[in-house]
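Visitor: Fold the following.
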Amino acid sequence: MKLNPLQIDLLKKHLGPFLFCFFGVMFVLLMQFLVLHIDKLIGKDIPVGVILELIITNLAYMVVLAAPMAVLVASLMAFGKFSEHNELTALRASGVNTLQIIMPVLIASILLSAGLMWFSNAVLPEANSKARSLFIDIRLKKPGFELEPNVFYDGIEGYTFLVDRIDPVSDTLYHITLFQEPTNLQNRAYIKADKGFLTSEGTEALTLHLFDGEILRYPSKRAATRDRNMEQIKFQKHRKTFDLSDLAFNRSVGSSSSRSDRTMSIQAMAFVVDTLEQEIKELRYQIVEDSISTLHPATYNQGTASTKPTKSGHIGQSNLFILNQVGSITQKIRLANLGYSQVENAQSKIERTKSNELWRVKRIQRYWVEIHKKFSIPFACIIFVLLGAPIGILTRKGNVGYAAIIASILLTVYWISVIQGEKLADRLFISPFLGMWSFNLFYMMIGFLLLLHLSYDLRSLLPNKSDRVTE
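Guide: Residues are numbered from 1 along each chain as shown. The predicted structure follows:
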């Protein structure tokens with residue numbers, strides 16, 4: 001397809017607003033991410049490279065979200081400015097169809113959508129997996145040594161700190177209380193001091209210098225009963241060193257946990273879905289086999305069995321033919337109870353099978369939702385061109401203000417529908433296709449109607465009052 005100068009100029013008008021909006025949305029999403037997680041990253045001696053890697057891996061999902069938004073804003077601005085300068089009117093007067101003008105931008109959106117689909121399937125799952133692994137490593141890492149006045153601190157294993165006051169200038173600690181828990185290497189102890197200060201011994205040790213205090217040490221549990229007297233020691237100077245090697249950040253080798261739907265490719269999810277469907281078939285087959293083997297023909301209809309008391313109060317006849325062949329009343333009762341027990345066991349197995357099947361059905365539904373999402377959100381790039389181009393032409397405004405207002409309304413409705421559709425589909429209220437594609441199809445229909453309105457004046461198809469023949 002050979003592009004004319006006008007179409008090339010229109011593509012150039014899209015490029016600037018697209019890049020501006022794309023990086024603007026990326027910046028907003030990045031700031032939101034940092035605000036939400038900054039408390040998990042600061043004060044834990046985490047290497048800067050690890051923090052940068054965490055940010056970079058989380059940029060992947062931001063790209064998938066930002067690209068469709070940028071396409072909508074760029075379409076509104078470019079075609080709004082195109083219409084504002086009356087270029088569309090001149091072209092339509094020359095016999096050029098609106099679809100011919102939009103076609104290059106639409107092709108570009110199709111290429112962008114295909115690239116995002118590949119990105120969502122190949123790059124995004126691996127990035128999500130690495131980000132999840134880093135978050136787990138950071139969450140499992142113990143907090144850094146940060147004391148606060150009148151707040152118990154147990155960040156170092158085996159010790160609990162309480163400080164009355166901290167001098168902000170000299171970092172001197174006043175009225176220190178230290179609880180030492182018993183281990184194989186030390187006994188339980190209770191340490192108090194009037195003041196003290198902390199010094200760092202590299203990155204893996206911390207020394208607490210104490211002045212004017214006392215130590216109340218409890219005896220070991222292994223000591224003899226007669227020797228279990230507490231020991232009190234007063235001191236003028238005392239030094240306590242803590243091992244902080246376990247507080248250092250450690251990277252896990254690979255992912256220690258199984259991958260979720262958001263960390264898997266389409267092929268991997270399809271394989272899991274096939275496995276789960278096969279397990280459901282096996283569960284159904286197994287429950288039928290168990291029911292046949294458990295419910296012996298002699299007791300198959302025990303659910304309807306009953307024994308009738310006679311006038312003398314003893315149990316007599318049963319409505320089951322098999323039980324009536326047993327002469328002993330005691331034997332009848334025993335067989336009836338056995339039948340009831342087998343029926344209850346079979347019902348319990350059926351309930352467990354239903355629960356297991358429902359769990360697998362929900363997992364299958366979530367995987368299908370994620371598969372559809374990998375296509376529906378990138379496909380929104382095409383939808384937003386079909387919708388944004390005619391709206392921009394009709395508004396005849398190409399400035400950022402109008403585009404931002406209209407895009408905010410359309411995107412808010414769209415993302416709410418996507419989020420709610422995903423929740424409803426996960427809960428089995430609607431199908432994954434309907435949950436992920438409903439507003440794509442709705443916006444596409446509106447876009448086609450607006451394009452038809454611009455390409456073919458629909459009012460000309462309506463009968464004119466002056467053309468009607470009056471009787």
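Visitor: can we go C-alpha only for contacts and neighbour counts from here?
Guide: Noted.
Visitor: now residue 218: how far from residue 243?
Guide: Residue 218 sits 22 Å away from residue 243, going by Cα to Cα, to the nearest Å.
Visitor: Tell me which of those two has more neighbours.
Guide: Ranked by neighbour count (other Cα atoms under 10 Å), residue 218 and residue 243 place residue 218 first, with 17 against 14.
Visitor: I'd guessed residue 158 sits against residue 186; true?
Guide: No: here residue 158 does not reach residue 186: they are 9.9 Å apart, not a contact under Cα atoms under 8 Å.
Visitor: Run the chain-centre distance for the longest helix seen in the chain.
Guide: In the chain, with assignment by DSSP state H, the single longest helix is helix 329-395. Counting by Cα atoms, centre = their mean, to the nearest Å, helix 329-395 is centred 18 Å from the centre of its parent chain.
Visitor: packing partners for it?
Guide: In this structure, helix 329-395 packs against helix 48-84, helix 98-122, helix 266-294, helix 321-324, helix 400-426, helix 432-455, with contacts taken as 3 or more Cα pairs under 8 Å, 6 or more residues apart in numbering; DSSP states H and E.
Visitor: contacting residues around the second one?
Guide: When contacts are defined by Cα atoms under 8 Å, 6 or more residues apart in numbering, helix 98-122 is touched by residues 3, 7, 10-11, 64, 71, 88, 92, 264-266, 374-375, 378-382, 385-386, 389, 451, 454-455.
Visitor: Does residue 62 touch residue 24 like I think?
Guide: No: here residue 62 does not reach residue 24: they are 11.2 Å apart, not a contact under Cα under 8 Å.
Visitor: who's more crowded, those two?
Guide: The neighbour comparison of residue 62 against residue 24 (other Cα under 10 Å) goes to residue 62, with 19 against 14.
Visitor: so how far is residue 53 from the closest residue to that one other than its chain neighbours?
Guide: Spatially, and ignoring its direct neighbours in sequence, residue 62 is nearest to residue 26 (6.2 Å; Cα to Cα, 6 or more residues apart in numbering). To residue 53, residue 26 is 16 Å away according to Cα to Cα.
Visitor: Compare these two and say which is more crowded by neighbours.
Guide: residue 26 (19 against 15).
Visitor: how near is the more buried one to residue 411?
Guide: According to Cα to Cα, residue 26 and residue 411 sit 15 Å apart.
Visitor: How about residue 432?
Guide: Counting by Cα to Cα, the gap from residue 432 to residue 411 is 21 Å.
Visitor: Looking at those two, which is more packed in?
Guide: residue 432 (25 against 16).
Visitor: Can you give me the domain boundaries for the chain?
Guide: Taking automatic domain parsing as the criterion, the chain consists of the domains 5-139+374-461, 159-247, 261-368.
Visitor: Listing request: residues of the stretch 351-471 of the chain with sub-threshold pLDDT.
Guide: Scanning the stretch 351-471 of the chain for pLDDT under 70 picks out 398, 457-471.
Visitor: repeat that for 50
Guide: Counting by pLDDT under 50, the stretch 351-471 of the chain has low-confidence residues at 458-463, 465-471.
Visitor: Skip the chain neighbours and tell me the closest residue to the residue nearest the centre of the chain.
Guide: Taking Cα atoms, centre = their mean as the criterion, residue 262 is the residue nearest the geometric centre of the chain, at 7.4 Å. With sequence-adjacent residues excluded and distances taken as Cα to Cα, 6+ apart, residue 262 is closest to residue 125, at 6.0 Å.
Visitor: And the one you found, how far from residue 16?
Guide: Residue 125 is 30 Å from residue 16, by Cα to Cα.
Visitor: What of residue 425?
Guide: For residue 425, the distance to residue 16 (Cα to Cα) stands at 37 Å.
Visitor: same question, residue 364
Guide: Distance from residue 364 to residue 16, by Cα to Cα: 42 Å.
Visitor: and if you look at residue 452?
Guide: Distance, residue 452 to residue 16, using Cα to Cα: 28 Å.
Visitor: The residue lying closest to residue 213 once chain neighbours are set aside: what secondary structure?
Guide: In space, and not counting its chain neighbours, residue 213 is closest to residue 193: 3.9 Å by Cα to Cα, 6+ apart. Three-state call for residue 193 (DSSP: H, G, I helix; E, B strand; the rest coil): strand.
Visitor: Contacts only, for residue 193.
Guide: By Cα under 8 Å, 6+ apart, the residues touching residue 193 are 174, 175, 176, 177, 210, 211, 212, 213, 214.
Visitor: try it again with 7 Å
Guide: Residues in contact with residue 193 (Cα atoms under 7 Å, 6 or more residues apart in numbering) are 175, 176, 177, 210, 211, 212, 213, 214.
Visitor: Tell me, how many residues neighbour residue 260?
Guide: With other Cα under 10 Å as criterion, residue 260 counts 14.
Visitor: Hmm, I typed the wrong one, I wanted residue 197.
Guide: Residue 197 sits with 18 neighbouring residues when counted by other Cα under 10 Å.
Visitor: Tell me the bridge partners for it.
Guide: Counting by DSSP bridges, residue 197 is bridged to residue 209.
Visitor: any idea how far the residue lying closest to residue 373 once chain neighbours are set aside lies from residue 423?
Guide: Among residues not flanking residue 373 along the chain, residue 436 sits closest, at 6.1 Å (Cα to Cα, 6+ apart). Counting by Cα to Cα, the gap from residue 436 to residue 423 is 10 Å.
Visitor: For these two, indicate the residue with more neighbours.
Guide: When neighbours are counted by other Cα under 10 Å, residue 436 and residue 423 differ, and residue 436 comes out ahead with 27 against 17.
Visitor: Was I right to think the more buried one contacts residue 421?
Guide: Yes: assessed by Cα atoms under 7 Å, residue 436 is found in contact with residue 421 at 6.1 Å.
Visitor: which residues does residue 364 contact?
Guide: Counting by Cα under 7 Å, 6+ apart, residue 364 touches residue 273.
Visitor: sorry, back to before: run through the bridge partners of the residue nearest to residue 213.
Guide: Taking DSSP bridges as the rule, residue 193 bridges to residue 176, residue 213.
Visitor: what does residue 240 give?
Guide: residue 208.
Visitor: What ranges in the protein fall below the confidence cut-off?
Guide: Short version for the chain, where the test is pLDDT under 50: 143-144, 224-226, 255-257, 296-319, 458-463, 465-471.
Visitor: before we move on, the earlier item: quick one: closest of the helices and strands packed on helix 329-395 to residue 369.
Guide: Of all the helices and strands packed on helix 329-395, helix 432-455 sits nearest to residue 369, with 4.8 Å by Cα to Cα.
Visitor: quick one on the thing from earlier: from the contacts of residue 193, which single one is nearest residue 137?
Guide: The closest of those to residue 137 turns out to be residue 177 (Cα to Cα; 31.3 Å).
Visitor: For residue 392, give me its contacts.
Guide: For residue 392, the contact set (Cα under 7 Å, 6+ apart) comprises 75, 76, 77, 79, 80.
Visitor: I'm done for today, thanks for sticking with me.
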